[in-house]
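Asker: only geometry, no sequence info:
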């Protein structure tokens with residue numbers, strides 16, 4: 001079997017196609033200003049790596065499926081044995097699709113009314129049966145589970161980024177800033193990422209031009225030349241979710257933790273979850289993040305996503321280490 005382009009490029013010391021070289025370095029990870037799960041700010045170090053210039057697109061994912069016949073998690077009917085209390089009628093393939101509400105709703109309620117588990121929704125049919133990716137081939141692929149992202153990465157000779165790698169890359173060399181371009185969300189009124197403008201979840205002014213996903217490279221790249229590191233779609237990482245904590249000194253790290261990782265698989269499971277589903281860290285926020293709800297369109301933003309939960313606003317990108 002021949003090596004993948006990324007493996008061959010790495011052997012030759014060149015950047016794999018479609019990837020950007022990120023220098024290793026030390027940075028202030030996290031934030032003390034927004035959500036408690038992002039705190040405390042701590043100094044960490046990451047080694048050099050390559051990262052995809054953009055999220056994986058529908059066209060790229062289609063090529064992977066054509067080459068491997070991969071069937072995504074959302075295309076497989078759930079087994080009721082894995083979900084205590086599931087009614088038989090729900091044992092059908094599908095995924096979560098966002099729909100605007102008719103008016104204001106309580107944003108703190110546990111059961112959110114803007115999500116619809118839609119049978120037949122998957123990466124091929126992002127809005128359900130009758131929809132397709134025709135005409136949006138250059139948009140990020142969505143409705144992918146962590147296992148789907150990992151399968152793609154393995155096929156491509158890559159890996160999913162750690163949370164620290166993703167955040168370091170998203171900052172684009174601007175250490176300590178709130179956003180990927182500075183400390184102001186929309187400097188001079190300029191839209192620099194795809195996120196929700198207006199009152200969530202019923203009134204999106206679409207000042208940025210998009211209600212749902214946008215083509216990659218629509219908005220300016222950050223300081224490292226990377227697109228959509230915040231906004232557009234959330235991105236899977238390799239790390240299990242855990243609250244940040246003081247890291248022990250790593251060998252050769254000069255007292256600064258080197259290449260930190262998340263928690264354990266078991267500890268990421270929420271107590272009381274009957275399905276006992278572990279959670280991975282998502283990074284970057286999405287087009288559904290808004291100033292009045294989920295202000296996680298920032299490099300420090302993070303979210304604990306169950307590995308079995310696929311939606312219309314979660315995608316991924318990959319890394320190659322050893323840069």
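Answerer: Received, thanks. Nothing here was measured: the structure is a model prediction, and the numbers come from that model. Numbering: from 1, shown residues only.

Asker: just the terminal-to-terminal distance for stretch 121-131.
Answerer: For stretch 121-131, the first and last residues are 9 Å from each other (CA to CA, to the nearest Å).

Asker: pLDDT averaged over it - what is it?
Answerer: If you average the pLDDT over stretch 121-131, you get 97.

Asker: hey, where'd the strands end up in the stretch 101-250 of the chain?
Answerer: Secondary structure of the stretch 101-250 of the chain by DSSP state E, counting those that start in this stretch: the strands cover 115-119, 198-199, 203-204, 234-240.

Asker: tell me which of those strands lies nearest to residue 309.
Answerer: strand 115-119 (10.0 Å; CB to CB). All C-beta spots, glycine's among them, are computed from the backbone N, C-alpha and C.

Asker: paired strands for that closest one, with orientation please.
Answerer: Using DSSP bridges, strand 115-119 pairs in its sheet with strand 94-98 (antiparallel).

Asker: wait, which of the strands of the stretch 101-250 of the chain is closest to residue 133?
Answerer: Set against residue 133 and scored by CB to CB, these come closest in strand 115-119, at 15.6 Å.

Asker: and the closest one, how far from the chain's centre?
Answerer: Distance, stretch centre to chain centre, for strand 115-119: 20 Å (CA atoms, centre = their mean, to the nearest Å).

Asker: ok, the closest residue to residue 19 other than its chain neighbours - how many residues close by?
Answerer: Nearest residue to residue 19, sequence neighbours excluded (CB to CB, 6 or more residues apart in numbering): residue 50, at 4.2 Å. Residue 50 is flanked by 24 other residues according to other CB atoms under 10 Å.

Asker: need the contact partners of the helix or strand harbouring residue 50.
Answerer: Taking DSSP states H and E as the criterion, residue 50 maps to strand 49-52. Where contact means CB atoms under 8 Å, 6 or more residues apart in numbering, the residues beyond strand 49-52 that reach it are 6, 10, 15-16, 18-22, 24, 158, 161, 165-166, 169, 226, 317-323.

Asker: so where's the stretch 51-200 of the chain uncertain?
Answerer: Scanning the stretch 51-200 of the chain for pLDDT under 70 picks out no residues.

Asker: can you name the residues that contact residue 221?
Answerer: Going by CB under 8 Å, 6+ apart, residue 221 touches 53, 227.

Asker: may I have the predicted confidence score for it?
Answerer: On pLDDT, residue 221 comes in at 98.

Asker: who does the residue nearest to residue 19 form a beta bridge with?
Answerer: residue 21, residue 320.

Asker: what does the pLDDT read for it?
Answerer: pLDDT for residue 50: 98.

Asker: do the same with residue 269
Answerer: We note a pLDDT of 95 for residue 269 in this prediction.

Asker: now for it, how many residues are close by?
Answerer: 17.

Asker: the one 4 residues further on too?
Answerer: Residues near residue 273, counting by other CB under 10 Å, number 11.

Asker: equivalent analysis for the one 5 residues further on, please.
Answerer: Neighbour count for residue 278, taken as other CB under 10 Å: 21.

Asker: any of the contacts of strand 49-52 buried? List them.
Answerer: The neighbour-count test (16 or more other CB atoms under 10 Å) applied to these identifies 6, 10, 15-16, 18-20, 22, 158, 161, 165-166, 169, 226, 317-321, 323 as buried.

Asker: isn't residue 153 right up against residue 146?
Answerer: No: at 10.4 Å, residue 153 does not count as touching residue 146 under the criterion of CB atoms under 8 Å.

Asker: mind listing the shared neighbours of these two?
Answerer: residue 160.

Asker: where does the prediction get shaky in the stretch 201-323 of the chain?
Answerer: Low-confidence segments of the stretch 201-323 of the chain (pLDDT under 70): 246-254, 323.

Asker: if we use 90, what do you get?
Answerer: Scanning the stretch 201-323 of the chain for pLDDT under 90 picks out 244-255, 271-275, 322-323.

Asker: do you know how far the closest residue to residue 292 other than its chain neighbours is from residue 287?
Answerer: Spatial nearest neighbour of residue 292, excluding adjacent residues (CB to CB, 6+ apart): residue 200 at 5.7 Å. Going from residue 200 to residue 287 by CB to CB, to the nearest Å gives 11 Å.
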